[in-house]
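> what follows is a predicted protein model with its sequence.
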Amino acid sequence: MGTKTNPGRFFEDYRVGQVIDHAVPRTVSGGERALYHALYPARHALYSSDAFAQACGLPAAPIDDLAAFHLVFGKTVPDVSLNAVANLGYAEGRWLRPVWPGDTLRASSEVIGLKQNSNGKTGVVYVRTRGLNQRDEAVLEYCRWVMVRKRDAEAPAPETVLPELKKALAPEDLVIPEGLDFTGYDFTLAGEPHRWSDYEIGETIDHVDGVTVEEAEHMMATRLWQNTAKVHFDLSFRPEGRLIYGGHVISLARALSFNGLANAQMVVGLNGGAHAGPCFAGDTVKAWSEVLDKADTPAPGVGALRLRLVANKDGAPFDLRGEDGRYLPGVLLDLDIWVLIPK
Amino acid sequence: MGTKTNPGRFFEDYRVGQVIDHAVPRTVSGGERALYHALYPARHALYSSDAFAQACGLPAAPIDDLAAFHLVFGKTVPDVSLNAVANLGYAEGRWLRPVWPGDTLRASSEVIGLKQNSNGKTGVVYVRTRGLNQRDEAVLEYCRWVMVRKRDAEAPAPETVLPELKKALAPEDLVIPEGLDFTGYDFTLAGEPHRWSDYEIGETIDHVDGVTVEEAEHMMATRLWQNTAKVHFDLSFRPEGRLIYGGHVISLARALSFNGLANAQMVVGLNGGAHAGPCFAGDTVKAWSEVLDKADTPAPGVGALRLRLVANKDGAPFDLRGEDGRYLPGVLLDLDIWVLIPK
Amino acid sequence: MGTKTNPGRFFEDYRVGQVIDHAVPRTVSGGERALYHALYPARHALYSSDAFAQACGLPAAPIDDLAAFHLVFGKTVPDVSLNAVANLGYAEGRWLRPVWPGDTLRASSEVIGLKQNSNGKTGVVYVRTRGLNQRDEAVLEYCRWVMVRKRDAEAPAPETVLPELKKALAPEDLVIPEGLDFTGYDFTLAGEPHRWSDYEIGETIDHVDGVTVEEAEHMMATRLWQNTAKVHFDLSFRPEGRLIYGGHVISLARALSFNGLANAQMVVGLNGGAHAGPCFAGDTVKAWSEVLDKADTPAPGVGALRLRLVANKDGAPFDLRGEDGRYLPGVLLDLDIWVLIPK
């Protein structure tokens, strides 16, 4: 017995070109929006206010881009990362269409690369994941690679296939939500006066505020995305504490970045990201950003910023790597994103 | 003064045939659904996705059956169990109609049995409770018996009336939601391939995953159902810890049972149940199931399974009773339910 | 760098007559209502049930009055109290129009008084804050005064302006929601039989129940209102514990007051209030009330009670002030409100 439970896939279960349709579609409502506000100090006006979103040319406030990301990501966990040893990286993440209350999301992944590690015990699996709504429209896509255990160390290594992934999305790769128009943007209601032209490449911003994370919060957040990976919930085999879902740190950092980047309304591109260190309950998470690039967009009044968004604990703002090139101990997250901001 | 607060009913306040209309009707929305997903690792697709529910012949995803149960149960607490010493049992629980976002639930109970205990200080009260929606349609009903303190040990014992309650509902007692049709059921989206015919009577399933419970979670869950029994919230008179609402354990176990019973979509019958041991924050809850019976239903593609659903802590899967016939110390819940599953 | 983050206003940044439009408008839904029920033991039927509210002449159940208050209050924090040393008082608070799911709230404050303290380092700022919906209708207003640090102790003191504020709203100042009619009020569904005429001026009510507060709960509540004041979230500079948002204690006390004041359905006036002592996680909050005044209203079947609502910890019910006139150590909150109750 016991054969009915899902043991997860092991490295030798993946084939390049394989398409995995993930389970448990999910309909979102104002409930998910309210919970996002309860779980993260999220204040970007476009996700907080239907009226603000309408003044920006959208029919209503969408579900937060990162909530959509987590929902899609959560569906992939049982198929992609149940036996993962490490979450290695992201690339070519694009938000293709806003998610609205009432939408139902599902997800599908294609295996785009495989490389067995030299130890013969693990391998790296590359997938391109798409989130789809109830009309089969893609709402977001991203590539992700994880290190996965082999079931049987003796199993033969597959042919190595390494996907070619962009170091960063070009501005023309970004998809601007239909109708988005920042020409009448209300900076007072948004909370800060800084517009696209006020940010310089190389500029760094300390987002100042910190949040000390509690167990119940990160578990509720992670469950909300139906991500049920055991390490986030079951203390009985983790006396050192539950490992906090990396996406929880992403959302915390993004929400904290309001203070200094209140007008960076929409996340539309994920160029890359590293979960540089583990986060546990009791850690105080802070964030800082660096402007990596700037670009114009064809949408009226809308500019784009490429940002490094770093979350850390214990450390000083702007800490990132040591002299050896490695992340400093307190660094939790090093994310590379494109955001939309009024010009 | 102080006479305006509710002291709760004592054993001598109940009469067989008495009908108690419970207070505080409640309208549900997508908010309750989102919170259910945040509080429990719930992944059954029918409650997660409107699109999935529609493909199964329903107008949309209903509120989780157990959420409906908790809402109705919570209303009865001030009238039935405020002075209860123990929650002794359930029988003849049936879900009669799905609850949809926008519905308003209220509850009413009829006293169907009374038996004073030989110590003269307590007695057992049997009630049949019905949950009703805003159109006065019954959405669920169940019998429950509790041991209640007497206000005055000298009060005369009432005539003993013991209701005749079925050991288990017969398959023909179960109410299948109108329109339910599993002939086009999508096993991939639901998350597992196992259908009705894949389960055998006597089969046991270890649901593998565990959740270590935190105080804030169980309090939020219990409050969400407007169950305000003091023992769940007030630590000042419980240095040993708050007692976790038994229904929280039911929902945890049911959600954990996804892993192995992902297609056991709807709970339609509650044959019985025992809260075998107390649960406290810090406990890691796991679950296992045993297939007790199988039955066909008249609905297209829909079969029924009778399941024992057991929640335990510390123990091994499949632990239940010791040689003395008593529940083993780690057993928290022994529930007997009917579920609907695609054939 | 770092100049893009909001340092908050200091005492010398305020001018009498200055109008501050606060940022981050917020649309509410059933999600906020569900979370309010999960975070507080709220059971007043008018906010719990659309059907009950409709039977009272309203189109549906509004968002809890205190939730509307917290949402408006939260928006003012970055502009009014980021550098506040103390939250000194409230006056002339009135709920002007119910807030419905789908409404978008924003807030605006006018500086109505200034007084530098004799130490030259701080001053008191008086503001009148208004919450507005998406149709620019005022939904509530209140005056509040806070002690704010000066950026520069050498800055000249402004002319002292002290606003004239009513000690208490007169009954004719109260705004009764359009359509409210308690002539067909269902006391059974509401949970208690006590009507307006059953309460006497001077009567005190011990609300009996207690809730021991957890960190995750008060942080989620405070974030839900987008109140991101650091002291509520960041333990790294507060080894003594996070300071719980005073509004969390207000909502706890109000919810606990159901037991004895279940029919005090709507809060329509805030005459004054003092956060008498700090609240920390682990504290068990209880509440008691005193009837301060009674008044008739022009709405059918609707009476008004003026209540003192006191929250305390550790103390006995009815504790308030010591012989020296100061609040006793366990007193957390002393609130003076007008509520509507069926006659």
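Structure received.

> where does pLDDT dip in the stretch 201-343 of chain A?
Residue ranges of the stretch 201-343 of chain A with pLDDT under 70: none are present.

> so what's A:Tyr36 up against?
Listed by C-beta atoms under 8 Å, 6 or more residues apart in numbering or on different chains, the contact set of A:Tyr36 reads A:Ala42, A:Tyr47, A:Ile63, A:Asp64, A:Ala67, A:Ser251. (Glycine included, C-beta is placed from N, CA and C.)

> now do the phi/psi pair for the residue of the stretch 51-200 of chain A found nearest chain B.
Relative to chain B, the nearest point of the stretch 51-200 of chain A is A:Thr104 (4.2 Å; C-beta to the nearest C-beta). Per-residue torsions, A:Thr104: phi -110, psi 120 (degrees, to the nearest 10).

> picking up where we left off before, now render the contacts of A:Tyr36 as a markdown table, adding distance to chain B, neighbour count and secondary structure.
Below are these laid out as a markdown table (distance: C-beta to the nearest C-beta, whole Å; neighbours: other C-beta atoms under 10 Å in any protein chain shown; DSSP: H, G, I helix; E, B strand; the rest coil):
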| residue | distance to chain B | neighbour count | secondary structure |
| --- | --- | --- | --- |
| A:Ala42 | 15 | 24 | coil |
| A:Tyr47 | 15 | 23 | helix |
| A:Ile63 | 11 | 22 | coil |
| A:Asp64 | 13 | 25 | coil |
| A:Ala67 | 11 | 25 | helix |
| A:Ser251 | 14 | 22 | helix |
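
> nearest to C:Ala304, of those?
Comparing these against C:Ala304 with C-beta to C-beta places A:Ala42 closest, at 37.9 Å.

> residue contacts, the closest one?
So A:Ala42 contacts A:Tyr36, A:Ser48, A:Asp64, A:Ser251, A:Arg254, A:Ala255, A:Phe258, C:Gln226 (C-beta under 8 Å, 6+ apart).

> ok, A:Arg9 next?
A:Asp79, A:Val80, A:Leu82, A:Asn83, A:Val148.

> please redo it, this time with the cut-off set to 10 Å
A:18, A:20, A:78-84, A:111, A:125, A:148-149, A:151 (C-beta atoms under 10 Å, 6 or more residues apart in numbering or on different chains).

> would you agree it falls within a strand?
No. Read with DSSP: H, G, I helix; E, B strand; the rest coil, A:Arg9 is coil and lies in no strand.

> got the phi and psi for the residue in the stretch 51-200 of chain A that chain C sits nearest to?
Chain C sits closest to A:Gly191 of the stretch 51-200 of chain A, with a gap of 3.3 Å, by C-beta to the nearest C-beta. Backbone torsions of A:Gly191, given as degrees, to the nearest 10, read phi 110, psi -10.

> for it, grab the count of nearby residues.
22 (other C-beta atoms under 10 Å in any protein chain shown).

> hmm, it is touching A:Asn259, no?
Yes. Counting by C-beta atoms under 10 Å, A:Gly191 touches A:Asn259, with 8.9 Å between them.

> identify the contacts common to these two.
A:Arg43, C:Asn6, C:Pro78.

> can you tell me the SS state at the second one?
The three-state label given to C:Asn6 by three-state DSSP is coil.

> wait, is A:Ala295 part of a strand?
Yes. Counting by three-state DSSP, A:Ala295 is located in a strand.

> could you find the closest non-adjacent residue to it?
A:Pro171 (3.5 Å; C-beta to C-beta, 6 or more residues apart in numbering or on different chains).

> helices and strands around the helix or strand harbouring A:Leu114, which ones?
According to DSSP states H and E, A:Leu114 maps onto strand A:104-116. In terms of contacts (3 or more C-beta pairs under 10 Å, 6 or more residues apart in numbering or on different chains; DSSP states H and E), strand A:104-116 is packed against strand A:19-21, strand A:26-27, helix A:65-76, strand A:122-132, strand A:138-149, helix B:50-55.

> in CSV: those, plus mean pLDDT and distance to A:Lys313.
Formatted as CSV, the helices and strands packed on strand A:104-116 follow (pLDDT from 0 to 100; distance: least, C-beta to C-beta, whole Å):
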stretch, mean pLDDT, distance to A:Lys313
strand A:19-21, 98, 34
strand A:26-27, 98, 31
helix A:65-76, 98, 20
strand A:122-132, 97, 28
strand A:138-149, 97, 24
helix B:50-55, 98, 39
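
> would JSON lines of those with distance to chain C be doable?
Below are the helices and strands packed on strand A:104-116 laid out as JSON lines (distance: least, C-beta to the nearest C-beta, whole Å):
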{"stretch": "strand A:19-21", "distance to chain C": "29"}
{"stretch": "strand A:26-27", "distance to chain C": "13"}
{"stretch": "helix A:65-76", "distance to chain C": "12"}
{"stretch": "strand A:122-132", "distance to chain C": "21"}
{"stretch": "strand A:138-149", "distance to chain C": "20"}
{"stretch": "helix B:50-55", "distance to chain C": "15"}
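
> okay, those in a markdown table with distance to C:Leu333 next?
Output for those, formatted as a markdown table (distance: least, C-beta to C-beta, whole Å):
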| stretch | distance to C:Leu333 |
| --- | --- |
| strand A:19-21 | 53 |
| strand A:26-27 | 40 |
| helix A:65-76 | 34 |
| strand A:122-132 | 45 |
| strand A:138-149 | 45 |
| helix B:50-55 | 42 |
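
> need the residues of the stretch 101-250 of chain A near chain B, please.
A:101-106, A:133-135, A:214-217, A:219-230, A:232-238, A:242 (C-beta under 10 Å from any C-beta of the partner chain).
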